[in-house]
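S.K.: just the structure for this:
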Amino acid sequence: MVIELDFASDTPIYVQLRNQIVKGIGKGELKAGEKLPTVRQLASDAGVNTMTVNKTYQILKAEGFIKTDRRLGAFVAENINMDIEFREKLESEHGLITTIAADSCDEPSYALEGSVFVAGAAIQWLRDEMHMIDNSAQSEELAKQVKDTNGVYVVPAFTGLGAPYWNQYCRGMVVGITRGCSREHFVRATLESLAYQTYSVLRAMEQDTGLAIERLRVDGGASANDFLMQFQADILGADVLRPGCIETTALGAAYLAGLATGYWESKDEIEKNWRLSHRFIPQMTDDTRTERLKGWDKAVKCALMWQE
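M.R.: The predicted structure is shown next:
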């Protein structure tokens, strides 16, 4: 298998390396049980440092694609289901990661994953470091007190930007500040940054799959924020659906356990348990959406320029 890396790409080298190895497994170029090059050997062959390869192997191991042994090295895992659909959708071309979404009794399900490095942590930053809010719920209260951000954009790239930019060197930015910027504008801009980052990931998914996102199901603590969910629907131009139970990660683990033990007979039975709590419908005009997204793109470019 020949490794070809694009050092000029915005996609991190370790992600490119990971994608090519997964693609090699899917195409049968790397067989189950086959020994992979050592970290030092692959680093030399690919022209990268050993830390990059080591990180790649750690990700592949966590995803179940390879097994590692301290003495024997790394090997392709034996139990990977290489169906046709998996082989066709191994690699994202727009900065996303192919991952195993779940593994039940019958066969694994695969997904496109886009990591956002800083989301809820941005709200914690407002509370703990900036002292602008006393608790997370107050962010919604303050955001609703102003009609917009007054031109302010917050890019919370505290540890770089994740998908689809994959830039660990850029840093956070606050742009568009004027004398009229208030605490409410700043808090609202920080909340909106979560929706903008999600928008970028979802648009990359649309480009990879060729499918239009008509609705978005949400979960987790941030989904309890009505302002954020409405803005997410507005900026995405699609309905946002919040379920009755927003702790979906824990619920999903319980469902998988139930399938494995026979408590539930099928995924269809589980699907019937889903209940809608609230539907957020887009209210923003197309022109306003285009203008807001243009401003966000400019703000992100400022953050990306920090490394130069």
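
S.K.: mind checking the longest helix of this structure?
M.R.: Taking DSSP state H as the assignment, the helix of the chain that covers the most residues is helix 183-209.

S.K.: buried sites along that one?
M.R.: For helix 183-209, the neighbour count (16 or more other C-beta atoms under 10 Å) marks 184-205, 208 as buried. (C-beta placed from N, C-alpha, C; glycine too.)

S.K.: and it, what does it pack against?
M.R.: Here helix 183-209 is seen to pack against strand 108-113, helix 120-128, helix 136-143, strand 153-155, helix 226-236, helix 286-304 when contacts are counted using 3 or more C-beta pairs under 8 Å, 6 or more residues apart in numbering; DSSP states H and E.

S.K.: just name the most buried of those.
M.R.: strand 153-155 (a mean of 26; mean count of other C-beta atoms under 10 Å).

S.K.: OK, contacts around residue 157?
M.R.: Contacts for residue 157 (C-beta atoms under 8 Å, 6 or more residues apart in numbering) come out as 117-118, 167, 170-173, 303.

S.K.: check residue 258 too.
M.R.: Applying C-beta under 8 Å, 6+ apart, the residues contacting residue 258 are 264, 270.

S.K.: and it, how far from residue 274?
M.R.: Plainly put, residue 258 is 14 Å away from residue 274 if you go by C-beta to C-beta, to the nearest Å.

S.K.: residue 5 too?
M.R.: In this structure, residue 5 lies at 42 Å from residue 274, with C-beta to C-beta as the measure.

S.K.: immediately after the worst-scoring helix or strand of the chain on mean pLDDT, which helix or strand?
M.R.: Across the helices and strands of the chain, mean pLDDT, DSSP states H and E gives its lowest value to helix 84-88, namely a mean of 48. Downstream of helix 84-88, the first helix or strand assigned by DSSP states H and E is strand 97-103.

S.K.: partners of that next one in the sheet?
M.R.: Each strand paired with strand 97-103, and its direction, by DSSP bridges: strand 108-113 (antiparallel).

S.K.: picking that back up, let me have the helices and strands packed on helix 183-209 in JSON lines, extended by distance to residue 94 and mean pLDDT.
M.R.: Putting the helices and strands packed on helix 183-209 into JSON lines (distance: least, C-beta to C-beta, whole Å; pLDDT from 0 to 100) gives the following:
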{"stretch": "strand 108-113", "distance to residue 94": "9", "mean pLDDT": "74"}
{"stretch": "helix 120-128", "distance to residue 94": "24", "mean pLDDT": "96"}
{"stretch": "helix 136-143", "distance to residue 94": "30", "mean pLDDT": "96"}
{"stretch": "strand 153-155", "distance to residue 94": "20", "mean pLDDT": "98"}
{"stretch": "helix 226-236", "distance to residue 94": "16", "mean pLDDT": "98"}
{"stretch": "helix 286-304", "distance to residue 94": "15", "mean pLDDT": "96"}
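
S.K.: residue 22 is nearest to which of these?
M.R.: strand 108-113 (10.3 Å; C-beta to C-beta).

S.K.: in the stretch 1-150 of the chain, where is pLDDT below threshold?
M.R.: In the predicted model of the stretch 1-150 of the chain, residues 10, 27, 80-93, 102-109 satisfy pLDDT under 70.

S.K.: please apply the same query to the stretch 201-308 of the chain.
M.R.: Along the stretch 201-308 of the chain, the model assigns pLDDT under 70 to residues 308.

S.K.: lovely, talk soon.
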